[in-house]
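[1] Got a predicted model here, sequence first, then my questions.
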Amino acid sequence: MNSNFAFLNMNERSGKPRTTGLTEIRGAYYSPMGKRYLADVLETMHPYVDSLKFAGGSFTLYPDQALADVVKTAHDHDVMISTGGFMEYVLTQGNDAVDAYIKACKKVGFDIIELSTGFITLPTDDWLRLVEKVQKAGLKAKPEVGVLFGAGGDTPEEQMEENLQDPEWAISQAERFIDAGAYLIMIESEGITENVTRWRTDVVAKVINRLGLEKVMFEAADPQVFAWYVQNYGPEVNLFVDHSQIVQLETLRRGIWGTDKLWGRVITYKG
């Protein structure tokens, strides 16, 4: 925080590397992101950003040097780099492609490989083999689970009912991934707080009750959604947001700003 305003009381935040209160931000997808843009973002907000996640395989479109520059800029600010859920596309191209992909991710400097299967059906044992393979390569494995088949593709609400899956199945998969040493579990928002007529807050409660706050990260790239998570589970909940929302989220975590529901109500105690 700015030293000139150190006289103000606000919620304490642990320094990096931390295990709770993680903020992952979206990189290039809805807008391009080069080293200068990212440097501007991180020069001001790097203490509050733990990882940067590419989306939709966007990193494969970067020229070699441009990607290297983005990775270096993030690492210079103590921010990890995640692939996003591109693995499910790679899986459709066979085992050799998976091996080459993991090797390439290691070479360019990624820290985290997200293992998403929103559009494909993958046996849990095969998923566990991927977790092991990623970890053997010295990278962090981050499986993504959810309650909606086809998540990530902006599923129309009229298709929701037929595509919904049992939350208990997703949670039991996540437990196996955690037991296998997965770094974190990403919880897909579609079917929970996105593309639904009513938020499935019961699913969130079940996930946290079974897995705990420390091992899960919730996709929450909507101000109403991440405000709800902070309101109900406190400032130490792990969240994925758009990079444009870093400041808004951090003011909520610190308890220094918020909507009428949160104003002055987000408090921590370190006694």
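    Thanks, I have it.

[2] my guess is residue 50 meets residue 18, correct?
    Yes. Residue 50 lies in contact with residue 18 (Cβ atoms under 8 Å); the separation is 6.9 Å. The way it works is simple: take the backbone N, C-alpha and C, and place the C-beta from them, glycine included.

[3] Spell out which residues are contacts of both of these two.
    Both residue 50 and residue 18 lack any common contact, where contact means Cβ atoms under 8 Å, 6 or more residues apart in numbering.

[4] which of those two has more neighbours?
    residue 50 (20 against 14; other Cβ atoms under 10 Å).

[5] can you tell me which residues contact that one?
    16, 17, 18, 22, 23, 24, 79, 80.

[6] I'd like to know the phi and psi angles of the fifth one, please.
    With angles defined as degrees, to the nearest 10, residue 23 shows backbone torsions of phi -120, psi 120.

[7] and if you look at the last one?
    According to degrees, to the nearest 10, the main-chain angles of residue 80 amount to phi -80, psi 160.

[8] Which strand residues bridge it?
    Taking DSSP bridges as the rule, residue 80 bridges to residue 51.

[9] what pLDDT does it get?
    The confidence metric pLDDT takes the value 98 at residue 80.

[10] Do I have it right that it meets residue 111?
    Yes. Shown here, residue 80 and residue 111 form a contact pair, counting by Cβ under 8 Å, at 3.9 Å.

[11] shared neighbours of those two, anything?
    With Cβ under 8 Å, 6+ apart, residue 80 and residue 111 have common neighbours 51, 140.

[12] show me where this structure has strands.
    23-26, 51-53, 80-82, 112-115, 140-145, 185-187, 216-219, 239-242 (DSSP state E).

[13] Out of these, the one nearest residue 3 is which?
    strand 23-26 (22.0 Å; Cβ to Cβ).

[14] The closest one - what's its average pLDDT?
    When pLDDT is averaged over strand 23-26, the result is 98.

[15] and what of stretch 3-14?
    For stretch 3-14, mean pLDDT is 93.

[16] Tell me the confidence at the closest residue in space to residue 75 that isn't next to it in sequence?
    Of all residues not flanking residue 75 in the chain, residue 109 sits nearest, at 6.9 Å (Cβ to Cβ, 6 or more residues apart in numbering). Model confidence at residue 109, given as pLDDT, is 98.

[17] Could you tell me which ranges of the stretch 51-200 of the chain sit under the pLDDT cut-off?
    Counting by pLDDT under 70, the stretch 51-200 of the chain contains low-confidence ranges at 149-163.

[18] show me the contacts for residue 236.
    Residue 236 is in contact with 20, 21, 213, 268, counting by Cβ under 8 Å, 6+ apart.

[19] Just confirm the second one contacts residue 233, I think it does.
    No. Residue 21 lies out of contact with residue 233 (Cβ under 8 Å); the separation is 10.8 Å.
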